[in-house]
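[1] Predicted model and sequence follow; I will ask about them next.
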Amino acid sequence: MKALISVSDKTGIVEFAQALHGLGVQLLSTGGTAKLLADKGLPVTEVAEVTQFPEMLDGRVKTLHPKVHGGLLARRDLPEHMAALKEHGIETIDLLVVNLYPFEATVAKPGCTLADAIENIDIGGPAMVRSAAKNWKDVGVITAADQYQAVLGELKAAGKLSDKLRFALSVAAFNRIAQYDGAISDYLSSVKFEDEKLSEEYVPERALFGGQSNGHFIKVQDLRYGENSHQQAAWYRDLYPAPGSLATGVQLQGKELSYNNIADADAAWECVKSFEVPACVIVKHANPCGVAIGANAFEAYSKAFQTDPTSAFGGIIAFNRPVDKAAAEAVSKQFVEVLMAPDFSAEALEIFKAKVNVRLMK
């Protein structure tokens, strides 16, 4: 069994490669990854030795070669594929371990130049990942460090990867490629190209709304039902959710959120965030039925509740300040579905322990 390893994020890669070597897997690698593994005493063959073609163009061309992609794409169940490999001296590659140039992290840095962004667009990595993922029945493609243990577990137990794991890895790989290409498209679509010629040091101004937006979402959880009980629903978040949003919140207690809880909670939270002074928002059916500011959380809540006490029953309450004992005691006197705040005091948490069905979101 052969594994080709070429990673930008080297977290856990030495330990993973050591474990593979211990299982008798032959290691192939490129550039800095090969040097790291060799420095750790692992026997590793550089891809350039396999292809008989050197890395070139400042590393832009390393693995774009038939001896790499043929080894990944050849179907082992087709005699004509295997005969073609033999004819051209190509050996199969059974595991591909690749994570991509850090494009997203690069363009997120203040002062990132267009040249830096372009140089962090990976070409060979995605090409190999697509080849391996397409041929998932024969090749396991590992694109994240959190997959290492599952792969090792099956190799140790059975000496090979199951169809189920290989397919799951393939799906994850195509998801990663879609996310990566989407991030590149989003960035380049937002760049304002104002001059006829741009210097290497050009830091582009980016439009607030780019020419194309490629939304990528990750499932948070399946929901019991949708807006109505006969409908199905699931909750997805942005791949890179904004800090301080509902998607990055933590549920401290209570039943899982329903579809309507999420819709109302998002409306309440986005509304209360817009205030700089202490504020409270009470929402019912995605509409504010009480919005108020005050000297503190308790006063803001009291005013918001007095706006429409009837509609506030069973509502969603959001604060933009930590909930203290006084505010918690006041809120606990009414029926509440969800209570949201940047934080809760120890006394407030103790008060809500008796209200086990109240969903507390921090």
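    Okay, I see it.
[2] Give me the nearest residue to the residue most central in space within the chain, chain neighbours excluded.
    Among the residues of the chain, L239 comes closest to the average C-alpha position under CA atoms, centre = their mean, at 5.0 Å. Nearest non-adjacent residue to L239, counting by CB to CB, 6 or more residues apart in numbering: H216, 4.2 Å away. Any C-beta I mention is one placed from the backbone N, CA and C, and that applies to glycine too.
[3] likewise C271?
    Per CB to CB, 6+ apart, closest to C271 is V281, 4.6 Å.
[4] what ranges do the helices span in the stretch 101-250 of the chain?
    For the stretch 101-250 of the chain, applying DSSP state H, counting those that start in this stretch gives helices covering 103-108, 114-119, 124-134, 148-158, 163-190.
[5] quick one: which of those is nearest A297?
    For the helices of the stretch 101-250 of the chain, proximity to A297 was assessed by CB to CB; helix 103-108 is nearest, at 33.7 Å.
[6] how about the helices of the stretch 101-250 of the chain in JSON lines, adding mean neighbour count and mean pLDDT?
    Listed next are the helices of the stretch 101-250 of the chain as JSON lines, based on neighbours: other CB atoms under 10 Å; pLDDT from 0 to 100:
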{"stretch": "helix 103-108", "mean neighbour count": "17", "mean pLDDT": "86"}
{"stretch": "helix 114-119", "mean neighbour count": "16", "mean pLDDT": "86"}
{"stretch": "helix 124-134", "mean neighbour count": "22", "mean pLDDT": "94"}
{"stretch": "helix 148-158", "mean neighbour count": "15", "mean pLDDT": "94"}
{"stretch": "helix 163-190", "mean neighbour count": "18", "mean pLDDT": "90"}
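[7] Need the ones you listed in TSV (columns: distance to N261).
    Shown next, in TSV, are the helices of the stretch 101-250 of the chain (distance: least, CB to CB, whole Å):
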stretch	distance to N261
helix 103-108	31
helix 114-119	39
helix 124-134	37
helix 148-158	33
helix 163-190	28
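[8] show me what contacts the residue nearest to L239?
    H216 makes contacts with A178, Q179, G182, D238, L239, as judged by CB atoms under 8 Å, 6 or more residues apart in numbering.
[9] quick revisit: what sits against the residue nearest to C271?
    Applying CB under 8 Å, 6+ apart, the residues near V281 are A268, C271, V272, P288, G290, V291, A304, I317, A318.
[10] In the sheet, which residues pair with it? Tell me.
    Beta bridges link V281 to V291, A318 when assigned by DSSP bridges.
[11] Could you verify my assumption that T143 touches L95?
    No: T143 lies out of contact with L95 (CB atoms under 8 Å); the separation is 11.8 Å.
[12] The helix or strand that Q306 is a member of packs against which elements?
    Secondary structure from DSSP states H and E places Q306 in helix 297-307. When contacts are defined as 3 or more CB pairs under 8 Å, 6 or more residues apart in numbering; DSSP states H and E, helix 297-307 packs onto strand 279-284, strand 287-293, strand 315-319, helix 325-331.
[13] The same query, at a cut-off of 6 Å, please.
    strand 279-284, strand 287-293, helix 325-331 (3 or more CB pairs under 6 Å, 6 or more residues apart in numbering; DSSP states H and E).
[14] Next one: the closest residue to A327 other than its chain neighbours from C271, what distance?
    With CB to CB, 6+ apart as the criterion, A327 has its nearest non-adjacent residue at 4.0 Å, and that residue is A297. Here A297 is placed at a distance of 15 Å from C271 (CB to CB, to the nearest Å).
[15] Between those two, which is the more surrounded one?
    In this view A297 and C271 are compared by other CB atoms under 10 Å, and A297 has more residues nearby, 25 against 17.
[16] give the contact list for that one.
    By CB atoms under 6 Å, 6 or more residues apart in numbering, the contact set of A297 is P278, F319, R321, V323, A327.
[17] In terms of pLDDT, where does the second one sit?
    If you check F319, the pLDDT there is 96.
[18] ok, it - contacts?
    F319 touches C280, A297, A341, counting by CB under 6 Å, 6+ apart.
[19] Output these as JSON lines; include the columns pLDDT and distance to M56.
    What follows is the contacts of F319, written out as JSON lines (pLDDT from 0 to 100; distance: CB to CB, whole Å):
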{"residue": "C280", "pLDDT": "95", "distance to M56": "63"}
{"residue": "A297", "pLDDT": "93", "distance to M56": "63"}
{"residue": "A341", "pLDDT": "94", "distance to M56": "57"}
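[20] and which of those is nearest to L23?
    Closest to L23, out of all of the contacts of F319 and judged by CB to CB, is A341, at 50.3 Å.
[21] Tally up the residues packed near the closest one, please.
    Neighbour count for A341, taken as other CB under 10 Å: 25.
[22] K35 now?
    Neighbour count for K35, taken as other CB under 10 Å: 13.
[23] Where does it fall, secondary structure wise?
    helix 31-39.
[24] just the strands in the stretch 1-150 of the chain please.
    Per DSSP state E, counting those that start in this stretch, the stretch 1-150 of the chain carries strands over the ranges 2-7, 26-29, 44-46, 95-99, 140-142.
[25] re earlier: return the most buried member of the helices and strands packed on helix 297-307.
    Mean neighbour count (mean count of other CB atoms under 10 Å) peaks for strand 279-284 among the helices and strands packed on helix 297-307, with a mean of 26.
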